[in-house]
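S.K.: Sequence first, then the predicted structure:
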Amino acid sequence: MPRLLGFDTETTSPTRLGKFIVHEAEIIGYSLATEAGRAAYVEGVPGPDMQDILESGEWVKVFHNAKFDLGRLNRLGIKVYPFEDTKIAAYLLGYLSTGLKSLTRQLLSTDPITYSQVTGGRDMSELEPAEIVQYASGDADNTLRLWLILQPQLEREGLTWLYEDVEKPLVYVLIGMEERGVLVNEEATLTLHSDILARKEEYRQATLTILGPINLASHEQLAWALEKLGCPISSRTATKNQLVTDESALNGVREWNPPLIDSLLGFKEMAKLEGYTRSFLELRSADGRLHPQFNQAGHYERAEMARDAPGTGRLSCSVPNLQQVPHHGNPVWAKRVRQCIVARPGCVLVSGDIGQEEPRITGLVAPEPALTALFDQGVAPYSVFGELLYGRPITKRDEVEWFTAKTYFLARLYGCGWQKIHEIDARIDLNRARQAHVEVGRMFPGLASYAERVEEEVMRQGWLRDWFGRRRMFPGVWSASPLDRQAAVRAAANFLISGPAATVIKLAMQRVAAQTSGLVLSIHDELVLEVEECQVNQSIQTLGTMTLGLMPIVLPVAIQMGKDWGNMSSI
């Protein structure tokens, strides 16, 4: 029977824009624990003897955040298997934090040394081995101890299949994606960055002409200036009771002062776009490519700096977050940002996007037969919702209307009222919003009963399982605050739809990675490959069949291809 080996690497910490560039981190030492309470730290990279152990089936290597360690070892030509991951296990079990330090405190009743305590602001490579040994060996020891607790919990909670067949096989898939990265067109990005800065300054000057000399990047100053002018925003912040000044609030009062609101919204949009182009230029590695991190169980942690993962099981993306690169909003600017991501010479980008995945899953789990019937007839539900909302047919080319219909559909699942329609698009008057809401309820009664059923179930037990058995706690349903309870119920309704969608894309990624080495991006329900031109047909076949049989519903995949991410044409 294989023996357990707790293992952890210590690396350099290269940073740019204040972000840890994982792709460039280099191993300076490693720690291992052969049994609880018995651990050691070794300076340098693993040698041949250690490589034999890491690659041997006689030892099960236990990591915390295995993707980081395995990725660094993989670059040295060391392919570790079998392995376990306490971070993924803790995530599946619903621990509020998946950080090694917080889990150690909670489950082992030990107060471990933190990264900042041992480094004191220095890079790990600047420390002597004697300064590292206690911290490093403690990490390996605590990781091994945690696995002895978490592994039986996975079995008891019925989560072993998700851990063994969904999450753990994805680790090496993600390592491959992150190693490949995506190529940035430097010339296009520099030009776009300059254009954004110029437009941002135009919007700033136009806004300050009306508001006076304030710092638009300061929420406090902006809220004060708008209130002084009598801006009719009704929402206020919970802490300082200031006007809410986000895009949704500003759009809702546009008719009060169109020149001011338009220039202010334009300034905010340009500020966001500036962040993308700056990160594209400054977060690139020497190969000219971005190497973003795709996170299964929370962002990469430096002890206390760990951040939570999406509760639905979705992957998050960081350094930079390419999942939030604009797709809606101003189509010209959004397209130009995406055009900065290109295929290398001799290659193309090929993408596969699961069509209307969430309403298809809703038809199955709500259940709502009327939704399934629409798909069987080849009708997009969003077009039906959109016609009710706007009183005329809409198509996907009507980007704002389509986005409104999609957002309303999701909000309806969570039990929203008709007022939500006017919040999403203020152009829809209140009478039409009320009528449309009533008609949707008549046509799709399963949507209303779904929200009621979810609320009853989650209020009774505090947790839910989705179609694939993923489990999530919703402690907010027992909060004394009505707002917190409502938020928890909405999150529960979302989980039963988004949870299966998250598992589907993870299983699809495994299928695609088994047939091609070109997977570079996972953006919600879309996978993007960078492949040589001679491999296009094979890639189209691979993406087109990636969802077959994963759920008892049809999940069609739309294929697109192009030389850059902003100019993708349907196949």
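M.R.: Thanks, I have the structure now. Residues are numbered from 1 along each chain as shown.
S.K.: can I get the CA coordinates of the lowest-mean-pLDDT helix or strand in the chain in CSV?
M.R.: Least confident helix or strand of the chain, by mean pLDDT, DSSP states H and E, is helix 419-424 with a mean of 83. The C-alpha trace of helix 419-424 is given here as CSV (Å, rounded to 0.1, in the frame of the first residue of the first chain):
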residue,chain,number,x,y,z
GLN,A,419,-39.1,46.2,-10.4
LYS,A,420,-35.9,44.5,-11.2
ILE,A,421,-36.6,44.8,-14.9
HIS,A,422,-36.5,48.6,-14.7
GLU,A,423,-33.3,48.4,-12.7
ILE,A,424,-31.6,46.4,-15.4
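S.K.: give me the element residue 349 is part of.
M.R.: strand 347-354 (DSSP states H and E).
S.K.: From the contact counts, what lies against the following helix or strand past that strand?
M.R.: Beyond strand 347-354 on the C-terminal side, the first helix or strand identified by DSSP H and E is helix 357-365. Contacts defined by 3 or more Cβ pairs under 8 Å, 6 or more residues apart in numbering; DSSP states H and E place helix 357-365 against helix 369-376, helix 399-413, helix 445-461, helix 482-515. Bear in mind the C-beta positions are built from the backbone N, C-alpha and C, glycine included.
S.K.: Quick one: closest of those helices to residue 181.
M.R.: Across the helices and strands packed on helix 357-365, residue 181 has its closest neighbour in helix 482-515 (15.4 Å, Cβ to Cβ).
S.K.: just checking, what packs against the helix or strand immediately after the closest one in the chain?
M.R.: Next helix or strand after helix 482-515 toward the C-terminus (DSSP H and E): strand 519-523. Where contact means 3+ Cβ pairs under 8 Å, 6+ apart, strand 519-523 is packed against helix 170-180, helix 482-515, strand 526-532.
S.K.: just so I have it, where are all the helices in the stretch 51-200 of the chain?
M.R.: 66-75, 86-92, 100-108, 115-119, 129-156, 160-161, 170-180, 186-211 (DSSP state H, counting those that start in this stretch).
S.K.: quick one on the thing from earlier: please name whichever of the helices and strands packed on helix 357-365 is nearest to residue 122.
M.R.: It is, among these and with distance given as Cβ to Cβ, helix 482-515, at 37.5 Å.
S.K.: buried ones in that closest one?
M.R.: Under the neighbour-count criterion of 16 or more other Cβ atoms under 10 Å, helix 482-515 has 485-509, 511-513 buried.
S.K.: coming back round to it: so can I have JSON lines of the helices and strands packed on strand 519-523 showing mean pLDDT and distance to residue 353?
M.R.: Listed next are those as JSON lines, based on pLDDT from 0 to 100; distance: least, Cβ to Cβ, whole Å:
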{"stretch": "helix 170-180", "mean pLDDT": "97", "distance to residue 353": "17"}
{"stretch": "helix 482-515", "mean pLDDT": "95", "distance to residue 353": "10"}
{"stretch": "strand 526-532", "mean pLDDT": "98", "distance to residue 353": "4"}
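S.K.: Among these, which comes closest to residue 355?
M.R.: Of all the helices and strands packed on strand 519-523, it is strand 526-532 that lies closest to residue 355, at 10.4 Å by Cβ to Cβ.
S.K.: Now do the closest one against helix 170-180, angle only.
M.R.: 50 degrees (axes from the mean of the first three to the mean of the last three Cα atoms, to 10 degrees).
S.K.: in strand 526-532, what's buried?
M.R.: 526-531.
S.K.: which residues of the chain score low on pLDDT?
M.R.: The model of the chain has pLDDT under 70 over residues 299-308, 328-329.
S.K.: Following the record's annotation, map out the domains of it.
M.R.: Following the assignment in automatic domain parsing, the chain carries domains at 3-180, 184-290, 360-491.
S.K.: how about those in CSV, adding distance to residue 335?
M.R.: Output for these, formatted as CSV (distance: least, Cβ to Cβ, whole Å):
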stretch, distance to residue 335
domain 3-180, 24
domain 184-290, 10
domain 360-491, 11
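S.K.: right, and the ones you listed - which one's nearest residue 567?
M.R.: Nearest to residue 567, of all these, is domain 184-290, at 11.4 Å by Cβ to Cβ.
S.K.: Can you tell me how far residue 220 is from residue 214?
M.R.: Distance, residue 220 to residue 214, using Cβ to Cβ, to the nearest Å: 10 Å.
S.K.: Columns distance to residue 476 on top of the helices and strands packed on strand 519-523, output as TSV?
M.R.: Converted to TSV, these look like this (distance: least, Cβ to Cβ, whole Å):
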stretch	distance to residue 476
helix 170-180	29
helix 482-515	3
strand 526-532	31
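S.K.: what's the closest of the ones you listed to residue 203?
M.R.: strand 526-532 (30.9 Å).
S.K.: same for the closest one, what does it pack against?
M.R.: Short answer (3+ Cβ pairs under 8 Å, 6+ apart): strand 526-532 packs on strand 347-354, helix 482-515, strand 519-523, helix 536-544.
S.K.: contacts for that strand?
M.R.: 180, 182-183, 343-344, 346-354, 505, 508-509, 512, 516, 518-522, 538-539, 542-543, 546, 565 (Cβ atoms under 8 Å, 6 or more residues apart in numbering).
S.K.: Partner strands of that strand, with direction?
M.R.: Here strand 526-532 is paired, per DSSP bridges, with strand 347-354 (antiparallel), strand 519-523 (antiparallel).
S.K.: got the contact list for the residue nearest the centre of the chain?
M.R.: The centroid of the chain falls nearest to residue 316 when counting by Cα atoms, centre = their mean (2.5 Å). Neighbouring residues of residue 316 by Cβ under 8 Å, 6+ apart: 294-295, 298-299, 309-310, 323.
S.K.: just those now: which is nearest residue 438?
M.R.: Taking Cβ to Cβ as the measure, residue 438 lies nearest residue 310 of these, at 33.0 Å.
S.K.: Pull up the gap between the closest residue to that closest one other than its chain neighbours and residue 493, please.
M.R.: Once flanking residues are discounted, residue 310 sits nearest to residue 316: 5.8 Å by Cβ to Cβ, 6 or more residues apart in numbering. According to Cβ to Cβ, residue 316 and residue 493 sit 21 Å apart.
S.K.: cool, residue 219 as well?
M.R.: 30 Å.
S.K.: do the same with residue 395
M.R.: In terms of Cβ to Cβ, residue 395 sits 28 Å off from residue 493.
S.K.: My read is that residue 425 contacts residue 398, right?
M.R.: No: here residue 425 lies out of contact with residue 398, judged by Cβ atoms under 8 Å, at a distance of 11.5 Å.
S.K.: More neighbours: those two, which one.
M.R.: Shown here are residue 425 and residue 398; by other Cβ atoms under 10 Å, residue 425 has more neighbours (19 against 16).
S.K.: got the contact list for the more buried one?
M.R.: 389, 400-401, 404.
S.K.: gap between stretch 29-40 and the chain center?
M.R.: 33 Å (Cα atoms, centre = their mean, to the nearest Å).
S.K.: buried residues in that stretch?
M.R.: Buried residues in stretch 29-40 (16+ other Cβ under 10 Å): 29-34, 39.
S.K.: Ok, stretch 419-431 next?
M.R.: 420-425, 428.
S.K.: Torsion angles phi and psi at the nearest residue to residue 295 once chain neighbours are set aside?
M.R.: Closest residue to residue 295 apart from its sequence neighbours, by Cβ to Cβ, 6+ apart: residue 316 at 4.7 Å. Note on residue 316: backbone dihedrals following degrees, to the nearest 10 are phi -110, psi 170.
S.K.: And for residue 266?
M.R.: According to degrees, to the nearest 10, residue 266 has phi -60, psi -40.
S.K.: Let me know the distance separating the closest residue to it other than its chain neighbours from residue 338.
M.R.: Closest residue to residue 266 apart from its sequence neighbours, by Cβ to Cβ, 6+ apart: residue 203 at 4.0 Å. Going from residue 203 to residue 338 by Cβ to Cβ gives 22 Å.
S.K.: Redo the strands paired with strand 526-532 as a markdown table? Include mean neighbour count and distance to residue 209.
M.R.: Putting the strands paired with strand 526-532 into a markdown table (neighbours: other Cβ atoms under 10 Å; distance: least, Cβ to Cβ, whole Å) gives the following:
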| stretch | mean neighbour count | distance to residue 209 |
| --- | --- | --- |
| strand 347-354 | 23 | 43 |
| strand 519-523 | 22 | 39 |
